[in-house]
Each structure stands twice: as C-alpha cells, then as structure tokens.
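I'd like to go over a predicted model; first the sequence, then the structure.
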Amino acid sequence: MTEDLVAIVGGLAFIPTCLGVWFWGRGYLHKIEAATKAAPPISSEVLQRLERMEQGIDAIAVEVERISEGQRFTTRLMSERSVQAALPGRGEVS
C-alpha cells in the first residue's frame, strides 16, 4: 500500500512540474518570436528628414568649433597683453 501511495504522490508532483516547464517554455518561445519580428520599414520621407538633420548637426558642429577657436585666440591675446602690462619697464622710455 505504501508503494502505491508513493507512486500516486510522485505522479501528482510530476504533473504540475511538467505543466510549469511547458508554460515556461511556451512563454520563452513567445518572447523569442516577438523579438525576432522584423521592424517595419522606414519610409523614404523619414530617411530624407534624418539626412537633413544630420547635415544641420554637422554644420552646427563646424560653427561651434569656429567659435571655440575664436575664443581661444581672444583669450591668448588677452593673457599676452596682461603679461606685457605686468612686466616692469615695459612702455616706459628710459
């Protein structure tokens, strides 16, 4: 009788385990299928707009670099000017 009881309890424990594995596997496969679906194609209008935005951003980057160069140049001139003004005897006629 105890062997029959062990077989029944073991069988009852095995069924939920199998169902759990089956549901988990089904969910995992569904997740993989959803991830591998192809993205919708991008329209040519959107591609053209993105290209114009890229060109605009490149133009802005060039202008910012020019502004930075001008600021570095001005800072260098001002620092040289302040160093020359700080030197003794500079500008005085002996």
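Arrived safely, thanks for sending. Numbering: from 1, shown residues only.

And this structure, what are its domain boundaries?
Domains of the chain are assigned by automatic domain parsing as 1-37, 42-88.

could you dump these to TSV with mean neighbour count?
All C-beta spots, glycine's among them, are computed from the backbone N, C-alpha and C. Below are those laid out as TSV (neighbours: other Cβ atoms under 10 Å):
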stretch	mean neighbour count
domain 1-37	9
domain 42-88	10
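
Columns mean pLDDT on top of these, output as a markdown table?
As requested, the domains of the chain are exported to a markdown table (pLDDT from 0 to 100):
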| stretch | mean pLDDT |
| --- | --- |
| domain 1-37 | 79 |
| domain 42-88 | 91 |
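
What helix or strand is residue 65 located in?
helix 44-86 (DSSP states H and E).

Run the chain-centre distance for stretch 55-73.
Taking the mean of its C-alpha atoms, stretch 55-73 sits 24 Å from the chain's own mean (Cα atoms, centre = their mean, to the nearest Å).
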